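> Structure, please.
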Amino acid sequence: MWKKVFRRCRASEVQVNLLAGSMAVQYDETVCDAQKIIHAVESGGYTAAADDGKQQAAPVQDPKANDELREMKTRIVVSAVFLIILMVFSMGPMLGLPLPAFVSGTENAFALALVQFLLTLPIVLSTANTTSTVLRRCSIARRPWTR
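A predicted model of the protein is given here:
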């Protein structure tokens, strides 16, 4: 969509902010006007409006977004805790830290691998949940473009 704007209006710069749902365009006013840019954005399936300096977007406080942020912070903390424990088990002997007896030595290599795998699961699963949510939102939802 921004490529259309860039080509049609010979824009010198187009900045798109997906999180804010905004787009800033620097263009030559002798070649193009705001209505052509708005038409190009709307032909891409988005909404657009010219910013004349009078519009002031009010910040939207979505309780669902706050819950998602809290959940994301919890996932990061849990992942960090499991990561630290995993690093002790995997890199501890290189730093001179002793391992518990049930995972030390070559005879217990399978037990060490199993412990490392089990410590990796919470990290991977929490990251996979976050990544799939973000990818699903980017591919399905089209945010309206307003400026």
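> drop to CA atoms for contacts and neighbour counts, all remaining ones
Will do.
> Now do the same for Thr30: helix, strand or coil?
Under DSSP: H, G, I helix; E, B strand; the rest coil, the three-state class of Thr30 is coil.
> Please give the element, helix or strand, for Leu112.
helix 109-140 (DSSP states H and E).
> Please give the element, helix or strand, for Ala24.
strand 22-26.
> pLDDT averaged over the helix or strand that comes right after that strand, what's the number?
Note on strand 22-26: by DSSP H and E, the next helix or strand toward the C-terminus is helix 34-43. For helix 34-43, the mean per-residue pLDDT is 79.
> Kindly calculate the angle that helix 34-43 makes with strand 22-26.
Per axes from the mean of the first three to the mean of the last three C-alpha atoms, to 10 degrees, the angle that helix 34-43 makes with strand 22-26 is 140 degrees.
> what's the burial count for Val41?
23 (other C-alpha atoms under 10 Å).
> Wait, it touches Gln35, no?
No - Val41 is beyond contact range of Gln35, at 9.8 Å (criterion: C-alpha atoms under 8 Å).
> where does this protein have low pLDDT?
By pLDDT under 70, the weakly predicted segments of the chain are 1-8, 52-62, 129-147.
> run the last query once more with 80
1-29, 31-34, 36-37, 39-41, 43-66, 127-147 (pLDDT under 80).
> Give the residue farthest from the middle of it.
Glu107 (42.6 Å; C-alpha atoms, centre = their mean).
> Next, work out how far apart it and Ala50 are.
Going from Glu107 to Ala50 by C-alpha to C-alpha, to the nearest Å gives 70 Å.
> Could you do Val16 as well?
Val16 is 15 Å from Ala50, by C-alpha to C-alpha.
> got it, and Pro63?
On the measure of C-alpha to C-alpha, Pro63 and Ala50 end up 29 Å apart.
> So which of those two has more stuff around it?
Ala50 (13 against 9).
> Val41 is in contact with that one, correct?
No - in this structure Ala50 lies outside contact range of Val41 using C-alpha under 8 Å: 11.3 Å.
> Residues that sit against both of Val41 and Gln35, list them.
By C-alpha atoms under 8 Å, 6 or more residues apart in numbering, Val41 and Gln35 have no common neighbours.
> hang on, the earlier thing: can you spell out which helices and strands pack onto the strand holding Ala24?
Where contact means 3 or more C-alpha pairs under 8 Å, 6 or more residues apart in numbering; DSSP states H and E, strand 22-26 is packed against strand 13-17.
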